[in-house]
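S.K.: Provide a 3D model corresponding to the input given below.
(one chain, ligands or ions: 1)
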Amino acid sequence: MHEISKVAVIGLGYIGLPTAAVIASRGIRVVGIDTNRLVSRTVASGAIHISEPDLDGLVQKVVVNGFLTATNEPESADVFMIAVPTPINDENRPDLGCVMAAVDSIAGLLVPGNLVILESTSPVGTTEKIADRILAQRPDLKVGAGNGKPGIFVAYCPERVLPGRILTELVNNDRCIGGITAECTRRAQAFYKTFVRGTCVATTARTAELVKLTENAYRDTNIAFANELSLICDHYGISPWEVIDIANRHPRVNILKPGPGVGGHCIAVDPWFIIDAVPDLARVMRTSRDVNNNKTKVIAERAVALISERPDAKVACCGLAFKANVDDLRESPAVEIAMHLAERFGSRIKVVEPNIRELPKALSELGAEMLTIDEALMECQVAIVLVDHDEFKMIPLAGRRHLDVIDTRGIWQDMPSMIPEKWAPVFRKDHAPAKNIIPKSGYRFSDQVMLEQKA
Ligand code: SAJ
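M.R.: Numbering: from 1, shown residues only. Purely as a prediction, here's the structure:
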């Protein structure tokens, strides 16, 4: 193992900051570098600017004991880890601007023996581009070991952690590590083994890049299947939750859950890195993106139809985050739907989001108002469930029985979820054996049955 006395982590976001803190907690000196001064100052003071379980305590500890510092100017180090955003632009094309800026910022600091690792999700070939870019600025260096010129080492190791479980997954997940040369891979592998308990699988840089994109494109496709299936179920008046629950009892079936569309800045973004590069080959991935985006529109239309039918009702949009139990609103279909409804219905739209303190400005400017769960249950007659937060799941039936509900997450299966096109309720009764509750003709209950159930 080559001596590593200092690591520079470039980008102190959802991945960079927890990674920096975990490495520092192993007794390795880490400097976190972020061009946003507010971020670097916050971290340097031992505080955090993102919400992630247990991260605050860990960052405070490693800053206080001196293993983690933060700045906004690059510093020399033995290992440079790049964990900056790789968004897509308006045409769904990858924007590698932050990665290349990070590379340029460290190129002049590199010395032989340094290891440069890219963690950001990137199109196939990006790690090679980084190596070429460094060598173009530093012709005195080469990549790899041996043959005269002194070498640096360049590798790709994608982050794989799930927001909400980052600190656990950072340490326990297997990692996939691909260097530009075999020696680059070995060096990166040895580095990750200093803080990762999972297996560090060795491969090439291009394979590791495609592995990362494959993981998220696979999940997007599986969710698209679930979302498509949910519309098919609605057509028949059958509960999608029940269909998936029972189908998943087959030992080789594992369908994910439908919802109001796919959000966050990973699953909804990463498939485009493949689609953009090979559009003629990535047909299922492309369709999956369309299916998931379309689901958001369908839910928005259904909500509009239901709310229009209830002109006096106040409406609770339950959840704004892109998924359960996080405060992250990025690319959230819930925000898109709430915005659409607020544009249409103004102050009739109330938002309940237990994980944030203030409503996004764009929503409040449209007249929407934030309510607590208790306030919403008192004031509203319609609820659109957009996120499956634990707080919503815990609301007892008695507290929500009076609501007309569109439940996009299947958290309140003990009451009807409306399908406004036909005004047919899809009803799911606890976990009673299916044969007792599914009529032969389908899963649609008459209005009379529905009223009895609601009474
Ligand atoms: N979603 C559904 N149905 C499901 C699961 C998720 O509609 O059954 C929706 C969520 O509500 C959310 C979106 O998909 O809107 C994405 O959520 P997620 O929990 O599937 O994933 P992320 O974006 O939080 O994290 C993913 C993870 N990738 C995989 O599971 C393959 C994580 O491991 C990655 O590190 C992360 O992307 C990333 O940074 O790439």
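S.K.: give the contact list for the closest residue to Thr296 other than its chain neighbours.
M.R.: Leaving aside its sequence neighbours, Thr296 sits nearest to Gly261 (Cβ to Cβ, 6 or more residues apart in numbering; 3.3 Å). Any C-beta I mention is one placed from the backbone N, CA and C, and that applies to glycine too. Gly261 is in contact with Asn227, Asn292, Asn293, Lys295, Thr296, Ile299, Pro333, Glu336, counting by Cβ atoms under 8 Å, 6 or more residues apart in numbering.
S.K.: so the first one touches Asn292, yeah?
M.R.: By that I understand Asn227. Yes - here Asn227 reaches Asn292: they are 5.8 Å apart, a contact under Cβ atoms under 8 Å.
S.K.: what does the stretch 251-400 of the chain put close to the ligand?
M.R.: Residues of the stretch 251-400 of the chain found near the ligand (Cβ under 6 Å from any ligand atom) are Leu256, Lys257, Gly259, Val262, Gly263, Gly264, Cys266, Ile267, Phe322, Lys323.
S.K.: okay, Arg348 and the ligand: tell me how far apart.
M.R.: 26 Å (Cβ to the nearest ligand atom, to the nearest Å).
S.K.: what residues are up against that residue?
M.R.: Here Arg348 is in contact with Ile307, Ala313, Lys314, Val315 (criterion: Cβ under 8 Å, 6+ apart).
S.K.: ramachandran coordinates for the residue nearest to Thr296?
M.R.: For Gly261, the backbone dihedrals (degrees, to the nearest 10) come out as phi 120, psi 180.
S.K.: low-confidence ranges, this structure, go.
M.R.: For the chain, the stretches flagged by pLDDT under 70 are 1-2, 419-455.
S.K.: does the residue nearest the centre of it belong to a helix, a strand or coil?
M.R.: Of all residues in the chain, the one closest to the mean position by Cα atoms, centre = their mean is Gly264, 3.9 Å from it. Three-state assignment for Gly264 (DSSP: H, G, I helix; E, B strand; the rest coil): coil.
S.K.: for Val351, same thing?
M.R.: strand.
S.K.: show me the beta-bridge partners of it.
M.R.: Under the criterion DSSP bridges, Val351 forms beta bridges with Cys317, Met370.
S.K.: let me see the contact set for it.
M.R.: Ala316, Cys317, Leu320, Ala338, Leu359, Leu363, Ala368, Glu369, Met370, Leu371.
S.K.: gap between it and Ile337?
M.R.: When distance is defined by Cβ to Cβ, to the nearest Å, Val351 is 11 Å away from Ile337.
S.K.: and the furthest pair within the contacts of Arg348?
M.R.: Ile307 and Lys314 (9.6 Å; Cβ to Cβ).
S.K.: settle it for me: which of those two has more neighbours?
M.R.: Neighbour count, other Cβ atoms under 10 Å: between Ile307 and Lys314, Ile307 has more, with 23 against 19.
S.K.: surely that one meets Val382?
M.R.: Yes - if you go by Cβ under 8 Å, Ile307 and Val382 touch, sitting 6.1 Å apart.
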